[in-house]
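Novice: Let me see the structure of the following:
(chains A, B, C and D)
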Protein chains: 2
Amino acid sequence: MSEATSGTRPTLEAVAARAGVSRATVSRVVNGGAGVREALVLKVRKAVEELGYIPNHAARTLVTRRNGAVAVVIAEPELRIFSDPFFERQLRGISRELASHDAQLVLLWVEGPEDHERIVRYLGGGHVDGALAFSLHDDDPLPGLVRGIQVPTVFGGRPGWTAGADEPATPYVDCDNRGGARDAVRHLRALGRSRVAHIAGPADQTSALDRLAGYRDELPYEETALVAQGAFTEESGARAMTELLDRRPDLDAVFAANDLMASGALRVLRERGLRVPDDVALVGFDDMLPIAEATEPPLTTVRQDVEGMGRLMVRLLMRLLDGGPGVEPVVTPTALVRRASA
Amino acid sequence: MSEATSGTRPTLEAVAARAGVSRATVSRVVNGGAGVREALVLKVRKAVEELGYIPNHAARTLVTRRNGAVAVVIAEPELRIFSDPFFERQLRGISRELASHDAQLVLLWVEGPEDHERIVRYLGGGHVDGALAFSLHDDDPLPGLVRGIQVPTVFGGRPGWTAGADEPATPYVDCDNRGGARDAVRHLRALGRSRVAHIAGPADQTSALDRLAGYRDELPYEETALVAQGAFTEESGARAMTELLDRRPDLDAVFAANDLMASGALRVLRERGLRVPDDVALVGFDDMLPIAEATEPPLTTVRQDVEGMGRLMVRLLMRLLDGGPGVEPVVTPTALVRRASA
DNA sequence: CTGAAAGCGCTAACAC
DNA sequence: GTGTTAGCGCTTTCAG
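Specialist: Next comes the predicted model:
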């Protein structure tokens, strides 16, 4: 492939010498070659090829203050989600978009407080141009840390805090949780259901709160009592469903804040001999495919474009990095996907 | 926290000025402070604190030629496995061990040939000190690429190629697939089973081949015909089981090359009305928990310490980076886990 | 034990 | 167009 002079790697200098030009010219060619005579470009390219030259990253970063890498900060809780199609898809969107911007993805995996110092040092040390973080729990110390350092960051999911009046708005990407929830409930009511229950997600996550709010938007206040607390897991969905049934045996519809809980609810419904959707109509949220399509009956649910949201996070960050001020949060639309459960 | 002089970040120079010492001294303190008078150390530490100084990574790398980051190269096929607890656990082991070495994990996610150039440029550009790669398929071009660049690399899983006579041995970490398979078959025979079938994994993966070899080790040649080809998926396990049953309705034991295929096989066995383990004893491989314990009956299987293997990969790489030559492959032991299926 | 000085490899003004 | 010249922020001999 090249005279991989196995010792030290060739530098710009070496290429310049070989091509018989100055370092500056080589640098120009390597960086696009704009404004360099064609003949020289060719000569330099040839030298680069022959020497197997690859620009030294650190040196370049030192002067440009850019390093073409973006950190994705994930905290332990999200990691559980690794096996979760949800996170994988978001990460995939991020990775793809990053690649198209020729940027690298650095995974910062935070397992506990003992990792914080390392993370801060890393983010602050200029290893990356920016960061992508997820704001799952209100009490997660991470967002605060990231804000402490002055590193451009875009969040996945609406953060639970509100920026101070003087601070710029926190850029984030989230789907329209509230609107999606409204659609779900409206759909259920359009089906003629009048006792619509809700299985809510954890109260410290904005996505859960927003979905709950959407549910309430669509119902007269007194019906709102039909809410049971879940934790976004299959198991918790089953428990919540049991509780709901005990409280209101005559309920005829359920909107679960995610598909996992919906599938748990479905299990209980079946065990109790209730038919879905005939006796109880059921709508989930996420359209997490392996789950939503595999249940019996398949779930009617609210789809969010997870991969697209990942890509969007990157685009937002890039805009932020290009000094573009006024980067506003982005809320992506959801879509009701009708299957058999409602 | 500090006088985060919001403009540019403080440099070594600034700290030196504030502490009234030279840059060299600050550098020494920042890097451990060996051989610096206690009083000065304190002064410098104070200045660092007050200024919120964080060393510039690029500058440091430029001179030390080390950057405290390690790339994990994963190709698309492995990514499927992301939703697979297996890969997550390995990655977790890697991440943990890396953290304990104060190194960062850079995720290189290769989706196709179009990414190769970028990867090579990245690995060659000195962004990372070394790389961790997985050698799943024989025809995967990635290992070759990685070898092309001169970047220290440790593989997960025994690579399918053999190093040239002059080349140093390829360092890798793998579990004792062959030995584990032997244990599985021996266990089945100890149970008195005499017609032991095998559901093999893809022929282009060394783990599958090694397990197949282990199976053959334990059986007289003529019984060896009881092998059906699978693809490490639940579905393929079911298909293979069907085929096996058609060929030898009287088989009394099955060793599947992984738990996923074992669960597929189990499904078919049950559908055919065969009792496990009474009629057919079944052993899997991996001890992938969510699967192995959830089946009915739970799977007897061969456990490998996936997280430990991840950690080991990092340790091996670190030794490689420390210039230690003669880094040999590591094969970790497996253990038969008895549950109810055999 | 501490400081001065010389780069690491590259880019970006600024001349020519 | 192309070359010259300063650094980017840090570590590391080498003197003192």
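
Novice: so where's chain A shaky on pLDDT?
Specialist: Low-confidence segments of chain A, defined by pLDDT under 70: A:1-7, A:76-84, A:136, A:163-166, A:324-326.

Novice: Is chain B within reach of the helix or strand hosting A:Glu117?
Specialist: In this assignment (DSSP states H and E), A:Glu117 forms part of helix A:116-124. Yes: between helix A:116-124 and chain B, judged by C-beta under 8 Å from any C-beta of the partner chain, the touching residues are A:118, A:120-122, A:124. Using the backbone N, CA and C atoms, a C-beta is placed for each residue, glycine as well.

Novice: Following the chain onward from that helix, which element is next?
Specialist: The element immediately downstream of helix A:116-124 (helix or strand, assigned by DSSP H and E) is strand A:130-134.

Novice: neighbouring contacts of that next one?
Specialist: Outside strand A:130-134, the residues within contact range by C-beta atoms under 8 Å, 6 or more residues apart in numbering or on different chains are A:70-75, A:78, A:94, A:108, A:123, A:142-143, A:146, A:151-157, A:313-314, A:317, A:320-321.

Novice: next one: stretch A:38-55
Specialist: Applying C-beta under 8 Å, 6+ apart, the set of residues contacting stretch A:38-55 from outside is A:1-5, A:9-12, A:14-15, A:18-21, A:25-26, A:29-30, A:33, A:36, B:121, B:124-126.

Novice: Just give me how far it sits from the chain centre.
Specialist: The chain centroid and the centroid of stretch A:38-55 are separated by 40 Å, computed with C-alpha atoms, centre = their mean, to the nearest Å.

Novice: buried ones in it?
Specialist: Of the residues in stretch A:38-55, those with enough neighbours to count as buried (16 or more other C-beta atoms under 10 Å in any protein chain shown) are A:40-41, A:43-45, A:47-48, A:51-55.

Novice: wait, which of those residues is closest to DNA strand D?
Specialist: Checking the buried residues of stretch A:38-55 against DNA strand D by C-beta to the nearest atom of the strand gives A:Leu40 as the nearest, at 4.4 Å.

Novice: tell me the phi and psi of the closest one?
Specialist: Backbone torsions of A:Leu40, given as degrees, to the nearest 10, read phi -70, psi -40.

Novice: Would you map the strands across the stretch 151-300 of chain A?
Specialist: Using DSSP state E, counting those that start in this stretch, the strands of the stretch 151-300 of chain A run over residues A:153-156, A:172-175, A:196-200, A:227-229, A:253-256, A:281-286, A:300-303.

Novice: With just CA atoms, put the fifth one into PDB.
Specialist: Once side chains and other backbone atoms are set aside, the C-alpha atoms of strand A:253-256 remain, and they are given as PDB (Å, rounded to 0.1, in the frame of the first residue of the first chain):
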ATOM      1  CA  ALA A 253     -59.800   1.700  27.700                       C
ATOM      2  CA  VAL A 254     -56.200   2.100  28.800                       C
ATOM      3  CA  PHE A 255     -53.500   4.400  27.500                       C
ATOM      4  CA  ALA A 256     -50.100   3.200  28.700                       C
END
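
Novice: export the buried residues of stretch A:38-55 to JSON lines and tack on distance to B:Tyr172 and secondary structure?
Specialist: Conversion of those to JSON lines gives the following (distance: C-beta to C-beta, whole Å; DSSP: H, G, I helix; E, B strand; the rest coil):
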{"residue": "A:Leu40", "distance to B:Tyr172": "45", "secondary structure": "helix"}
{"residue": "A:Val41", "distance to B:Tyr172": "42", "secondary structure": "helix"}
{"residue": "A:Lys43", "distance to B:Tyr172": "42", "secondary structure": "helix"}
{"residue": "A:Val44", "distance to B:Tyr172": "39", "secondary structure": "helix"}
{"residue": "A:Arg45", "distance to B:Tyr172": "37", "secondary structure": "helix"}
{"residue": "A:Ala47", "distance to B:Tyr172": "36", "secondary structure": "helix"}
{"residue": "A:Val48", "distance to B:Tyr172": "33", "secondary structure": "helix"}
{"residue": "A:Leu51", "distance to B:Tyr172": "31", "secondary structure": "helix"}
{"residue": "A:Gly52", "distance to B:Tyr172": "26", "secondary structure": "coil"}
{"residue": "A:Tyr53", "distance to B:Tyr172": "30", "secondary structure": "coil"}
{"residue": "A:Ile54", "distance to B:Tyr172": "26", "secondary structure": "coil"}
{"residue": "A:Pro55", "distance to B:Tyr172": "30", "secondary structure": "coil"}
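
Novice: Same list, the residues you listed, but only the ones touching DNA strand D.
Specialist: Restricting these to those touching DNA strand D (C-beta under 7 Å from any atom of the strand) yields A:Leu40.

Novice: Enumerate the residues of chain A near DNA strand D.
Specialist: Taking C-beta under 7 Å from any atom of the strand, the part of chain A that reaches DNA strand D is made up of A:20-25, A:28, A:35-37, A:39-40, A:59, A:62-63.

Novice: Can you select the buried ones among these for me in ChimeraX?
Specialist: Only the buried entries of the residues of chain A next to DNA strand D go into this ChimeraX selection, using 16+ other C-beta under 10 Å:
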select /A:21,25,28,36,40,59,62
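
Novice: For the residues of chain A next to DNA strand D, work out which two are farthest apart.
Specialist: Looking at these by C-beta to C-beta, the two members farthest from one another are A:Ala39 and A:Leu62, with 31.2 Å of separation.

Novice: Give the burial count for A:Ile149, as a bare number.
Specialist: Taking other C-beta atoms under 10 Å in any protein chain shown as the criterion, the count of residues near A:Ile149 is 20.

Novice: what's the closest residue to it other than its chain neighbours in contact with, if anything?
Specialist: Here the nearest residue to A:Ile149 in space, its sequence neighbours aside, is A:Gly124; by C-beta to C-beta, 6 or more residues apart in numbering or on different chains that works out to 4.6 Å. For A:Gly124, the contact set (C-beta under 8 Å, 6+ apart) comprises A:149, A:151, B:9, B:54.

Novice: Could you do A:Ala238 as well?
Specialist: Residues in contact with A:Ala238, defined by C-beta under 8 Å, 6+ apart, are A:264-265, A:267-268.

Novice: Out of those residues, who's the most crowded?
Specialist: Neighbour counts for the contacts of A:Ala238 were taken using other C-beta under 10 Å; the highest belongs to A:Ala265, which has 32 neighbours.

Novice: residues in contact with stretch A:260-276?
Specialist: A:199, A:201, A:230, A:232-242, A:245, A:254, A:256, A:279-280, A:282-286, A:288, A:291, A:295-297, A:299, A:301, A:341-342.
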